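Trainee: Okay, here's the prediction I keep looking at, along with the sequence it came from:
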Amino acid sequence: MSGSSGLKRDTGKNTRVGLFGGTFNPIHWGHLRSAEEIRERFDLSRVIFIPVHVAPHKKADVISSEHRCAMVKKAIRGNSFFQVSDIELQRPGKSYSIDTIRHFHGLSRGQEELFFIMGMDAFREVPVWKDYPAFFSACNFIVMTRPGAHDVQPAELIPRDIEKEFTRQEREQCFVHTSGYRIYTAPVTPLDISSTVIRAGTAAGKSIRYLVPRNVERYIAGHQLYRITATPGRQPQRPPAG
Ligand code: ATP
């Protein structure tokens, strides 16, 4: 991390890279602002947005990965710290985050320290990911929380069956895994925007201006996306586990 926090560790790695996975259906200002704040706070040299592959039968209201990826590209235009990766979209069949982390480890040849960025809501779902304990031996995590939220307790954050593998590190305000990787919690400015609300608004013919970047708004209108709501009675589902 930068500034006076003194939390930047000497890990022997040259750069710190954030991996921000999500459905991005569509990307909105909440995603962008929180990525910017995390980049600054953790002194990341770049944040890579990674739209996840969602099998069409899994979630009725997730539009094609090409559209989601195209909107991320538009949204991050002009920010030289932001990149997009279509790695999860290229892999045929199910995509697993653990494979994505391994992919980026391979690309960096051990020169980059990786931080997997996610909201607290998404982090709580990690225990249903495939081989989830392996994640904590594979990279650092940054879990975004709301400012002013009370100190996150281990019991709230660390899955019960592996809590013995972590110790609290007050100086760095993180939990350290036996592998040496850390789970950080970091408050971000709460922008109460969700992709769900944007899709619902579009379907209802309402304006989504100031919820998404202008070029994303135009893309949605130009391609007539989200005009119809998901099948009635069908509950929105989360992307495939892990
Ligand atoms: P949906 O409403 O379709 O569930 P979502 O925005 O909650 O969409 P994703 O696109 O998968 O879901 O979100 C990617 C990541 O961004 C997740 O880790 C999520 O916690 C985080 N996130 C989502 N909305 C916000 C927001 N307004 N501010 C900060 N982080 C967010």
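Mentor: Ah, there it is. Numbering: from 1, shown residues only.
Trainee: packing partners for the helix or strand of the chain with the lowest mean pLDDT?
Mentor: Each helix and strand of the chain was given a mean pLDDT (mean pLDDT, DSSP states H and E); the minimum falls on helix 154-157 at a mean of 76. Helix 154-157 sits against no helix or strand, with contacts defined as 3 or more CB pairs under 8 Å, 6 or more residues apart in numbering; DSSP states H and E. For the C-beta atoms, the positions are set from N, CA and C on the backbone; glycine is no exception.
Trainee: Show me what counts as buried in that helix.
Mentor: For helix 154-157, burial by neighbour count (16 or more other CB atoms under 10 Å) applies to L157.
Trainee: Restrict that helix to CA atoms and write it as CSV.
Mentor: The C-alpha trace of helix 154-157 is given here as CSV (Å, rounded to 0.1, in the frame of the first residue of the first chain):
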residue,chain,number,x,y,z
PRO,A,154,-12.2,-13.6,11.5
ALA,A,155,-15.4,-15.5,12.1
GLU,A,156,-17.1,-13.3,9.5
LEU,A,157,-14.4,-13.6,6.9
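Trainee: Show the end-to-end separation of stretch 54-68, please.
Mentor: Stretch 54-68 has its terminal residues 11 Å apart, counting by CA to CA, to the nearest Å.
Trainee: Report the distance from it to the chain centre.
Mentor: 17 Å (CA atoms, centre = their mean, to the nearest Å).
Trainee: try stretch 138-148
Mentor: For stretch 138-148, the distance to the chain centre is 10 Å (CA atoms, centre = their mean).
Trainee: which parts of the chain sit against the ligand?
Mentor: 22-25, 30-31, 34, 118-119, 121-122, 144, 188, 191, 193-196 (CB under 6 Å from any ligand atom).
Trainee: element containing F116, please.
Mentor: strand 112-119 (DSSP states H and E).
Trainee: tell me which strands and helices that strand is in contact with?
Mentor: strand 15-22, helix 29-41, helix 97-108, strand 140-145.
Trainee: could you dump the ones you listed to a markdown table with mean pLDDT and mean neighbour count?
Mentor: Below are the helices and strands packed on strand 112-119 laid out as a markdown table (pLDDT from 0 to 100; neighbours: other CB atoms under 10 Å):
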| stretch | mean pLDDT | mean neighbour count |
| --- | --- | --- |
| strand 15-22 | 96 | 22 |
| helix 29-41 | 98 | 19 |
| helix 97-108 | 90 | 16 |
| strand 140-145 | 95 | 23 |
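Trainee: Looking at these, which is nearest to Y219?
Mentor: Closest approach to Y219 among the helices and strands packed on strand 112-119 (CB to CB): helix 29-41, 14.8 Å.
Trainee: now the closest one against strand 140-145, angle please.
Mentor: 130 degrees (axes from the mean of the first three to the mean of the last three CA atoms, to 10 degrees).
Trainee: Sheet partners, orientation included, of whatever helix or strand comes next after helix 29-41?
Mentor: Helices and strands here follow DSSP H and E; after helix 29-41, the next one along the chain is strand 46-51. According to DSSP bridges, strand 46-51 has the following sheet partners: strand 15-22 (parallel), strand 82-84 (parallel).
Trainee: Please type out the ChimeraX selection for whichever of the residues of the chain next to the ligand turn out to be buried.
Mentor: Command for ChimeraX that selects the buried part of the residues of the chain next to the ligand, burial taken from 16+ other CB under 10 Å:
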select :22,23,24,25,30,31,34,118,119,122,144,188,193,195
